[in-house]
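Colleague: what's the 3D shape of this:
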Amino acid sequence: MSEVLHSLSRRSIEQILGVLEEAEAEVAEWLRRWHRTVLAKPGNPPKDLTSENAHFLTRFGSWYDLHKEDGLVDQAAFHALAEAHKRMHDHARWLAARGVKDTRIPPEEYDAFMDKVDLFATYAKRLGKAFRAALAELDPLTGVQNRQSMLAELERERSRSRRSKTPCCLALGDLDHFKKVNDTYGHMVGDQVLAAAAEIFLSGLRPYDALFRYGGEEFLFCLPETTPDQAVVALDRLRERLEDRPVPLPGGKSLPVTCSFGVALMTADAKVDEVIARADAALYKAKNLGRNRVEIWVEGDAGAEVGLAGKVARPAKNQKESRR
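Modeller: Predicted coordinates for the structure are as follows:
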């Protein structure tokens, strides 16, 4: 489930959270009506309490039935939640029919029913917690993952690459002349550019690729099962899509946006921060060679050393300024 969550947009996660919160509220209201029907016996019980398809008559039940084969919902956790929802309604239907006719429901049957209610609530809260945790790891501006869990996830990919003996590449992308965008058009337009770039990047990646907002106008890409040459092809495609879609500005104008990329292969002898440093060195090379291009790190590229504190050693100030 965690890998699926990381492939989702912020909007998708917020929508799912809304469904789960609404489902909990819906069950609370349904349970109140169920107790009123069984205890007060106001006449014929409502159809959504007695129908064999009562779980489909709820908003959550109909939503699940519509989306159960979607990539996200087609997961064990959601199927367990939906099964708990159905069993709760089935038991409620049986007890409601008995309660209307009889004066007394056996305590053990009532306890068994409430156990099913509690199980549904537990599953819903557990799923909600997972989605909220995923939401906390997303950058609020761009909707991509932030650096909060980046190193842990990259370590997992490094271990997976070593176990499966398949290549994995990291890449750093840096929007070209971004400081000029902020200085000329203001930070609101700068934010719009960042969000547009992130949307283009996300839409062009595979479900198991990962994208992080590394800092400022920099994005970090993790591309499993990808050689450096394949990474260049994939990133070139993203670079061209970004270049071909200028960001609209007020007054009918548009702002062309480009990005430079540096790629490095994860290797057994290099830690994650060293691979990032190599990608960073390749990015500097792309900037110095004219921007709006993809470069692969090769042995000897400057700026790829990692200091004792584990931080990437940056080039001199004048070289850093040429990067933008």
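
Colleague: Name the nearest residue to T267, ignoring sequence neighbours.
Modeller: Nearest non-adjacent residue to T267, counting by CB to CB, 6 or more residues apart in numbering: V275, 7.4 Å away. Glycine gets a C-beta too; all of them are placed from N, C-alpha and C.

Colleague: Contact partners for that neighbour?
Modeller: Residues near V275 by CB atoms under 8 Å, 6 or more residues apart in numbering: R158, L170, A264, L265, M266, T267.

Colleague: switch the cut-off to 6 Å
Modeller: Going by CB atoms under 6 Å, 6 or more residues apart in numbering, V275 touches L170, A264, M266.

Colleague: per the record, what domains does this protein have?
Modeller: 2-136, 150-323 (automatic domain parsing).

Colleague: Looking at the ones you listed, spot the one closest to T142.
Modeller: domain 150-323 (3.6 Å; CB to CB).

Colleague: pLDDT averaged over that closest one, what's the number?
Modeller: The average pLDDT for domain 150-323 rounds to 88.

Colleague: Kindly report the same for stretch 110-123.
Modeller: pLDDT averaged over stretch 110-123 gives 95.

Colleague: just checking, L170 is part of a helix?
Modeller: No: assigned with DSSP: H, G, I helix; E, B strand; the rest coil, L170 falls outside any helix and is strand.

Colleague: Can you name the residues bridging to it?
Modeller: Beta bridges link L170 to C222, A264, judged by DSSP bridges.

Colleague: just checking, it touches R278?
Modeller: No: using CB atoms under 6 Å as the test, L170 is too far from R278 to be in contact (8.1 Å).

Colleague: Give me the neighbour count for the residue lying closest to S149 once chain neighbours are set aside.
Modeller: Leaving aside its chain neighbours, S149 sits nearest to E137 (5.1 Å; criterion: CB to CB, 6+ apart). Neighbour count for E137, taken as other CB atoms under 10 Å: 19.

Colleague: pretty sure E137 is in contact with Q148, am I right?
Modeller: Yes: counting by CB under 6 Å, E137 does reach Q148; the two are 5.1 Å apart.

Colleague: Of the contacts of V275, which count as buried by neighbour count?
Modeller: Listed as buried from these are L170, A264, M266; burial here means 16 or more other CB atoms under 10 Å.

Colleague: out of those, who's nearest K129?
Modeller: Among these, and counting by CB to CB, the member closest to K129 is L170, at 29.8 Å.
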